[in-house]
Every structure is written in C-alpha cells, then in structure tokens.
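what follows is a predicted protein model with its sequence.
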Amino acid sequence: MEKFEDLDRKPRTGLFVAFFSWLCGICLMLFATVNGPIRFVFSLLALVIVIRSFGKIDKVAPRVWFIVLAIVWYLLLTIIVTIATYDPPPAAS
C-alpha cells in the first residue's frame, strides 16, 4: 500500500514534468527557428531546465517522461511555427 504522501505527490510530479518539459520544448523550438548567436542562449536555457528538473525528480520514470514530452513539444511547436511562418496565405480570386 502506498503512503498518503506518495499519493499526493503523483499529480504534482505529473504537472511538474508536463510544465517543465513544455518550457524545454519551447527553448529547443526557439533554438531551431531563431538565427544568430542568441539561439545558443536558448540551448543553454534548455540545458539548465533539464538539470534543475532532474534535481527535483528522483525517480527514473518521470525523467523518461520528461525527455519524451520535451521532444514531442519540440516537434509539435516547430511544426506549428513553421506552418505559421512559411505557409503563404491563400490567393484572392
């Protein structure tokens, strides 16, 4: 049987992993889409987010979910920004 503290901690850990993986995905998307030397700031910021998050997450499964969700957010946000940026508007007839 799980302790009461563990049951209370699961939703909080899930929200923590979801939010910080989203932030990491945004930083990676900005690294991929922004030109110039500022892009490396986004890369380092993503690395700092991962290091800080792994310091707070003590189990392996949430860490794996963090990496998977960060990659999913990165791909999804990159596709959205690419479509919004490079898709030409429809021609008026």
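Cool, got the structure.

using the three-state scheme, assign the residue nearest to Leu45 when sequence neighbours are not counted.
Closest residue to Leu45 apart from its sequence neighbours, by Cβ to Cβ, 6 or more residues apart in numbering: Cys27 at 4.9 Å. Yep, even glycine has a C-beta here, placed from its N, CA and C like the rest. Look at Cys27: counting by DSSP: H, G, I helix; E, B strand; the rest coil, its state is helix.

correct me, but Cys27 touches Phe40?
No - with contact defined as Cβ atoms under 8 Å, Cys27 does not count as touching Phe40 (11.1 Å).

between those two, who's got more neighbours?
Cys27 (23 against 11; other Cβ atoms under 10 Å).

how close does that one get to Val60?
Separation of Cys27 from Val60 (Cβ to Cβ, to the nearest Å): 23 Å.

what of Leu77?
From Leu77 across to Val60, the span is 26 Å (Cβ to Cβ).

out of these two, which sits in the busier spot?
A side-by-side neighbour count of Leu77 and Val60, using other Cβ under 10 Å, places Leu77 first with 18 against 8.

pLDDT at that one, what is it?
Turning to Leu77, the model gives it a pLDDT of 95.

contacting residues for the closest residue in space to it that isn't next to it in sequence?
Distances taken as Cβ to Cβ, 6+ apart place Met29 nearest to Leu77, at 4.1 Å, with adjacent residues excluded. With contact taken as Cβ atoms under 8 Å, 6 or more residues apart in numbering, Met29 is in contact with Trp73, Tyr74, Leu77, Thr78, Val81.
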